[in-house]
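Visitor: Got a sequence here, can you model it:
(chains A and B)
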Number of protein chains: 2
Amino acid sequence: MSIVRVHNFSVSLDGYATGEGQSMEEPFGHADKKLVEWAFPTRTYQLMFGNDNGTTGADEAFANNWNRGIGAEIMGRNKFGPQRGPWADEEWKGWWGDEPPFHTPVFVLTHHNRPSIEMKGGTTFHFLDATPENALEAASEAAGGLDVRIGGGPTTVRQFLAADLIDYMHLAVVPIVLGRGERLWDGLEDIEGRFDIEAISTRSGVTHLTFTRN
Amino acid sequence: MSIVRVHNFSVSLDGYATGEGQSMEEPFGHADKKLVEWAFPTRTYQLMFGNDNGTTGADEAFANNWNRGIGAEIMGRNKFGPQRGPWADEEWKGWWGDEPPFHTPVFVLTHHNRPSIEMKGGTTFHFLDATPENALEAASEAAGGLDVRIGGGPTTVRQFLAADLIDYMHLAVVPIVLGRGERLWDGLEDIEGRFDIEAISTRSGVTHLTFTRN
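Guide: Numbering: from 1, shown residues only, chains lettered A, B, ... in the order given. Take a look at the predicted model:
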């Protein structure tokens, strides 16, 4: 049975999953690399940059699950790019170059439609103005029986959690205090009751949390 | 050299260290026991209730450091009791019965003064309208060369962190989403830079974080 998963999603001690002030230069705003630097050394991330010498320890054991058995991703528009409002032009094709690491259909949630973009390596960006339920229906159909990943950012993950559409979620709690940005947890009081939660800290200082729907 | 320490201080995933709506029946407000239940089974806590059969595992290894080498505590008024504003009467002597578990002088921060209360077993409550710096001066003198514990609640710990007066802090991050209450981290952006931080998760599901001033 196909399920809906979140992977490698980093959250600060104060519950922020991205910083304030996203821009072309700073995809995570003032958080810069602090939320995601635990993942950079891992083999999974290094391979995205063509390097074959990433780490293979406990962080990698979590990181590399992100694309196994995934047939489609849903992401928020702010994960796709720093633009807001109507598209000024349609040149922007995401942060990931000609061949994005997804290799599946990717559904970008936005109120401002534009034509789909077929990239190298099997990634196609589709733009969708839809509720979480309807987006998931489209993604599930595109996933052809495989799982659907909710790719972020925080607003998107929060909406899917609020709609009770997530079956499995892997978070990395990073020991930093961001102070500003997008909070993951707003409106999700008591959500822990829906999941079996396990925690394991690793040498990098982050704590991996797995949420499995109970 | 005497230092300033925080111990066994529980924080939710969304950064709350107590719930909303504190009352006589609910010292932690709507958080009820969820923030502190990891600690209840430990030997340290069970001994406070006269039981000698508490757990002696990893959680206890953290819990039992709370009173070693401590000569005085500073706590906020909301840790002392649920009353607000001027004292309606002076009957209230804290939640802890005739013989509180502190066994040292305890300085309660409040804008509403009242006479000190000497309890059984060496605990004396003093009431102090003071800045963190001045309260620490009084507590340090009373501690006679031993360490001073900042006992909570969140507002008090936050004020002492903001004033850069804390040398060591042990937090337990509890995998719950409280949604409402008192947040620990407000105004403390980037505070991680002042500390060496280690994380270790235990079977109970909490993650113990140690902050050691660098």
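Visitor: other SSEs contacting the longest helix anywhere in chain A?
Guide: Ranked by number of residues, the top helix in chain A under DSSP state H is helix A:132-143. Where contact means 3 or more Cβ pairs under 8 Å, 6 or more residues apart in numbering or on different chains; DSSP states H and E, helix A:132-143 is packed against strand A:70-76, strand A:105-109, strand A:124-128, strand A:147-152, helix A:154-162. Any C-beta I mention is one placed from the backbone N, CA and C, and that applies to glycine too.
Visitor: what's around the residue nearest to A:Gly85 when sequence neighbours are not counted, how many residues?
Guide: In space, A:Gly85 comes closest to A:His112 once its chain neighbours are excluded; the distance is 6.9 Å by Cβ to Cβ, 6 or more residues apart in numbering or on different chains. Counted with other Cβ atoms under 10 Å in any protein chain shown, the neighbours of A:His112 add up to 12.
Visitor: surely A:His112 meets A:Trp87?
Guide: Yes - between A:His112 and A:Trp87 a contact is recorded at 5.7 Å, counting by Cβ atoms under 8 Å.
Visitor: Chain A against chain B: which residues are in contact?
Guide: A:11, A:13-15, A:173, A:175-180, A:183, A:185-192, A:197-201, A:205-207, A:209 (Cβ under 8 Å from any Cβ of the partner chain).
Visitor: I'd like the helices and strands packed on helix A:132-143 laid out as CSV, including mean neighbour count and distance to A:Glu25.
Guide: Shown next, in CSV, are the helices and strands packed on helix A:132-143 (neighbours: other Cβ atoms under 10 Å in any protein chain shown; distance: least, Cβ to Cβ, whole Å):
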stretch, mean neighbour count, distance to A:Glu25
strand A:70-76, 23, 20
strand A:105-109, 24, 21
strand A:124-128, 19, 22
strand A:147-152, 25, 19
helix A:154-162, 21, 20
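Visitor: now those in CSV, with mean pLDDT?
Guide: Supplementary listing: the helices and strands packed on helix A:132-143 in CSV, determined by pLDDT from 0 to 100:
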stretch, mean pLDDT
strand A:70-76, 98
strand A:105-109, 98
strand A:124-128, 98
strand A:147-152, 98
helix A:154-162, 98
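Visitor: And the ones you listed: which comes nearest B:Gly97?
Guide: Across the helices and strands packed on helix A:132-143, B:Gly97 has its closest neighbour in helix A:154-162 (41.8 Å, Cβ to Cβ).
Visitor: Which strands and helices lie in contact with the closest one?
Guide: Applying 3+ Cβ pairs under 8 Å, 6+ apart, we find helix A:154-162 packed against strand A:4-12, strand A:16-18, strand A:70-76, helix A:132-143, strand A:147-152, strand A:182-183.
Visitor: how far does it sit from the chain's center?
Guide: 10 Å (Cα atoms, centre = their mean, to the nearest Å).
Visitor: contacting residues around it?
Guide: Here helix A:154-162 makes contact (Cβ atoms under 8 Å, 6 or more residues apart in numbering or on different chains) with A:4, A:6, A:9, A:16-18, A:74-76, A:78-79, A:109, A:132, A:136, A:150, A:166, A:169, A:181-188, A:191.
Visitor: ok, what's across the strand from A:Phe195?
Guide: A:Arg213 (DSSP bridges).
Visitor: how far away is it from B:Leu35?
Guide: Taking Cβ to Cβ, to the nearest Å as the measure, A:Phe195 falls 18 Å from B:Leu35.
Visitor: Also A:Ser10?
Guide: The value you get for A:Ser10 to B:Leu35, if Cβ to Cβ is used, is 23 Å.
Visitor: Identify the residues contacting the residue nearest the centre of chain A.
Guide: The centre of chain A sits closest to A:Gly151, judged by Cα atoms, centre = their mean, with a distance of 2.6 Å. With contact set as Cβ under 8 Å, 6+ apart, A:Gly151 has these partners: A:Glu73, A:Ile74, A:Met75, A:Lys79, A:Val106.
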